[in-house]
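Trainee: sequence below, structure please.
(2 chains)
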Amino acid sequence: MTKILLVIERDLRSLMMQKSILMMRWFYAIVQIGIFGLAISRLVTAMQDYYTYYAMGVIVMTMYSVAIFTGYEIYDEADEGYTEYLLSIPLTRQELVLGRSLAGGIRSMVFMAPIIAGFMLLIGIVDPVRVAIALVALFGFTFGVSGLSITLAVGLRSGDKFDIIMGALDAFIVRLSSALYPQAFMPKPIAILSEFNPLTYASDFFRWSLNFNTRFLANPVTALIVLVIFLTTFNVAGVLIYERSLEGGTWR
Amino acid sequence: MIHGVVAVIEHDLRVFFKYKFTLAGLISMNLADLLIMAVVYTRMVSFNYFQFLAPGVTATGLFAAAFVIGREVNMETRRGYNEYLLSLPLRRAELVFGRMTAGGIRGMIYATPLLILAMFILKFPTATQFGLMLFAMYLLSMGISGLAISLAVALRSFERFTTARSLLYLFLIFCSTVFYPLTILQQILPGSLILFAQFNPLSAVADLIRGYLIGIPPVTGQSWTGLVSFSGAFIVAGAGLYRIAIERSVR
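Mentor: Model prediction:
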């Protein structure tokens, strides 16, 4: 356990060193909520309070993007020949990958904490227990996304392939989910695809915790089950694949 | 003069196609915006958002592709490649003009298929209108390349460059009429930002394409004046800054 904590501490420190990236992501989330969200919500006539719906989605979407960052770091480390150093540390592979996935989740939570807190203060918390459950679920989601990102980075072993797959995933996962708009307004093929997207359940579960109109949300129990399956699958896959790919040192 | 410029353009176009992964990422983003996001929003707003966004996506695609040259120039500056460029039997003016022209052409190569897609979605223009749209896009593309190149050399650090690029991206895309009409921005932005959105070259190109393809907003002399002056300023400033910065970078 202490060793996993060391990995987490190290990954948190490395995130704090990238101040400009952090500031940009905050700024990006704020502009998305403060300009795009406000503008588009004035165009939307099909539902009331779309602005709040959108802002909640952007929060979860940004947490997803921060968690994805872990994969980029792992790829950079391998590319720069840092893998040998990691192999020489007195840690088991499982401790290393679990520590990194957990750190990815914690980093997302720490990163978004000020925005989440500000947003909750602004709209008011009706049910603190629900909010607590949702925050735990969001942590689980980002923990799973880190696992997914690690799985892809070590599974592909190519910066170019990783870059394109992450770019495409980012573009399609976000748009094929209910992060930006409710499933109720999606054409059938898009709605079906969004049913298989964990971002849909993470966003809707967060909205449910903040008492948003349930007419536009996925069932919270289903959402919770999907999130648990998602985080388990990708962390187990991440541990297995990372363990194998670390052997033999650098990827080049 | 012409021979040197052509050689620089040829080099930069060859390099452009090496960025196939970056281009594939860009295409995914633009197509996802148009074919998924715009389709869903069309069901949520009171007008055809899909048709509204098609020209906007052409403008954002053009912007992103024209900016790729900045990333390349930044890498060259950090890796000391500028010494090699300055040692070539080319005049500074040839190098600067060649790179900016290539940046403009690269943006066009990427964005022209998006324009054709917008034409399929909206309507086919006359040959003159098509030519004018391409000219407007080229002006913007070259202006953005100039801006990207000068930022890349002046900032030097990759982190600073990407931060500046993201800031510019945020302001130019979100404070423009790419995603929403100007009347909406007038309701939510303060006066200075509305003025910025009005004269933003991305707004100008998106609205010019809309004007030529659907007639709304109508194309006026002011649409062209805004685009020419903003892009012209970017082109002149970009060329001047690149010329100064490339020499300073090797001292």
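Trainee: nearest residue to the residue in the stretch 51-200 of chain A positioned nearest to chain B in space, please, no chain neighbours.
Mentor: Nearest residue of the stretch 51-200 of chain A to chain B (C-beta to the nearest C-beta) works out as A:Gly167 at 3.1 Å. From N, CA and C alone the C-beta is placed, and that goes for glycine too. Leaving aside its sequence neighbours, A:Gly167 sits nearest to B:Gly25 (C-beta to C-beta, 6 or more residues apart in numbering or on different chains; 3.1 Å).
Trainee: how much space between the one you found and A:Ile33?
Mentor: Using C-beta to C-beta, to the nearest Å, B:Gly25 is found at 24 Å from A:Ile33.
Trainee: the residue nearest to A:Gly167: how many residues sit nearby?
Mentor: If you count neighbours by other C-beta atoms under 10 Å in any protein chain shown, B:Gly25 ends up with 20.
Trainee: for the chain, what are the low-confidence residue spans?
Mentor: No chain in the question, so chain A it is. A:1, A:157-160, A:163, A:246-252 (pLDDT under 70).
Trainee: meant chain B actually
Mentor: B:1, B:249-251.
Trainee: can you give me the helices in the chain?
Mentor: Looking at chain A here, since you left the chain open. Ranges of helices within chain A are A:2-16, A:19-31, A:38-43, A:50-79, A:83-88, A:93-123, A:128-156, A:159-175, A:188-195, A:198-209, A:220-246, based on DSSP state H.
Trainee: sorry, I should have been clearer: chain B.
Mentor: B:2-16, B:20-32, B:38-42, B:49-78, B:81-87, B:92-121, B:127-155, B:158-174, B:182-188, B:191-199, B:201-214, B:221-248.
Trainee: could you tell me the angle between the last one and helix B:92-121?
Mentor: Yep, that's helix B:221-248 we're talking about. With axes from the mean of the first three to the mean of the last three C-alpha atoms, to 10 degrees as the basis, helix B:221-248 and helix B:92-121 are set at 140 degrees to each other.
Trainee: what's helix B:221-248 packed up against?
Mentor: helix B:81-87, helix B:92-121, helix B:127-155, helix B:191-199, helix B:201-214 (3 or more C-beta pairs under 8 Å, 6 or more residues apart in numbering or on different chains; DSSP states H and E).
Trainee: CSV please, covering the helices of chain A and showing mean neighbour count.
Mentor: Below are these laid out as CSV (neighbours: other C-beta atoms under 10 Å in any protein chain shown):
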stretch, mean neighbour count
helix A:2-16, 15
helix A:19-31, 16
helix A:38-43, 20
helix A:50-79, 22
helix A:83-88, 14
helix A:93-123, 19
helix A:128-156, 22
helix A:159-175, 19
helix A:188-195, 15
helix A:198-209, 26
helix A:220-246, 18
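Trainee: which stretch among these comes nearest B:Val15?
Mentor: helix A:159-175 (15.0 Å; C-beta to C-beta).
Trainee: so which of the helices of chain B comes closest to A:Val58?
Mentor: Nearest to A:Val58, of all the helices of chain B, is helix B:158-174, at 12.7 Å by C-beta to C-beta.
Trainee: distance from the chain centre to the closest one, please.
Mentor: 13 Å (C-alpha atoms, centre = their mean, to the nearest Å).
Trainee: so how far is A:Tyr53 from the residue of the stretch 51-200 of chain A closest to chain B?
Mentor: From A:Gly167 over to A:Tyr53 the distance is 26 Å, taken as C-beta to C-beta.
Trainee: before we move on, what about B:Leu189?
Mentor: Counting by C-beta to C-beta, the gap from B:Leu189 to A:Tyr53 is 22 Å.
Trainee: same question for B:Ala93.
Mentor: Note on B:Ala93: its distance to A:Tyr53, by C-beta to C-beta, is 54 Å.
Trainee: and what of A:Arg215?
Mentor: 11 Å.
Trainee: with A:Val136 instead?
Mentor: In this view, A:Val136 and A:Tyr53 are 22 Å apart by C-beta to C-beta.
Trainee: spell out which parts of the stretch 151-252 of chain A neighbour chain B.
Mentor: A:160-161, A:163-164, A:167-168, A:170-172, A:174-176, A:180-181, A:185-187, A:190 (C-beta under 8 Å from any C-beta of the partner chain).
Trainee: how about a cut-off of 10 Å?
Mentor: With C-beta under 10 Å from any C-beta of the partner chain as the criterion, the stretch 151-252 of chain A comes near chain B at residues A:158-176, A:178, A:180-187, A:189-191, A:193-194.
Trainee: any idea which residue sits dead centre in chain B?
Mentor: B:Phe63 (2.5 Å; C-alpha atoms, centre = their mean).
Trainee: quick revisit: distance to chain A added to the helices and strands packed on helix B:221-248, as a markdown table?
Mentor: Shown next, in a markdown table, are the helices and strands packed on helix B:221-248 (distance: least, C-beta to the nearest C-beta, whole Å):
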| stretch | distance to chain A |
| --- | --- |
| helix B:81-87 | 20 |
| helix B:92-121 | 15 |
| helix B:127-155 | 11 |
| helix B:191-199 | 9 |
| helix B:201-214 | 13 |
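Trainee: so what's B:Leu85 closest to, chain neighbours aside?
Mentor: Nearest to B:Leu85 is B:Leu95, by C-beta to C-beta, 6+ apart, at 6.3 Å.
Trainee: let me know how buried that neighbour is, in neighbour terms.
Mentor: 21.
Trainee: which residues touch it?
Mentor: B:4-5, B:7-8, B:82, B:85-86, B:88, B:242-243, B:246 (C-beta atoms under 10 Å, 6 or more residues apart in numbering or on different chains).
Trainee: got a winner among those for most neighbours?
Mentor: When neighbours are counted as other C-beta under 10 Å, the busiest of those turns out to be B:Tyr242, with 26 neighbours.
Trainee: does it really touch B:Gly146, like I thought?
Mentor: Yes: counting by C-beta atoms under 10 Å, B:Gly146 is a contact partner of B:Tyr242 at 7.3 Å.
Trainee: now the common contact residues for those two.
Mentor: With C-beta under 10 Å, 6+ apart as the test, B:Tyr242 and B:Gly146 both reach B:96, B:99-100.
Trainee: closest residue of chain B to chain A?
Mentor: B:Gly25 (3.1 Å).
Trainee: and that residue, what does it touch?
Mentor: Applying C-beta under 10 Å, 6+ apart, the residues near B:Gly25 are A:163-168, A:170-171, B:19, B:64.
Trainee: swap in 8 Å and give it another go.
Mentor: By C-beta atoms under 8 Å, 6 or more residues apart in numbering or on different chains, the contact list for B:Gly25 reads A:163-164, A:167-168, A:171.
Trainee: check A:Phe172 too.
Mentor: Listed by C-beta under 8 Å, 6+ apart, the contact partners of A:Phe172 are B:28, B:32, B:36.
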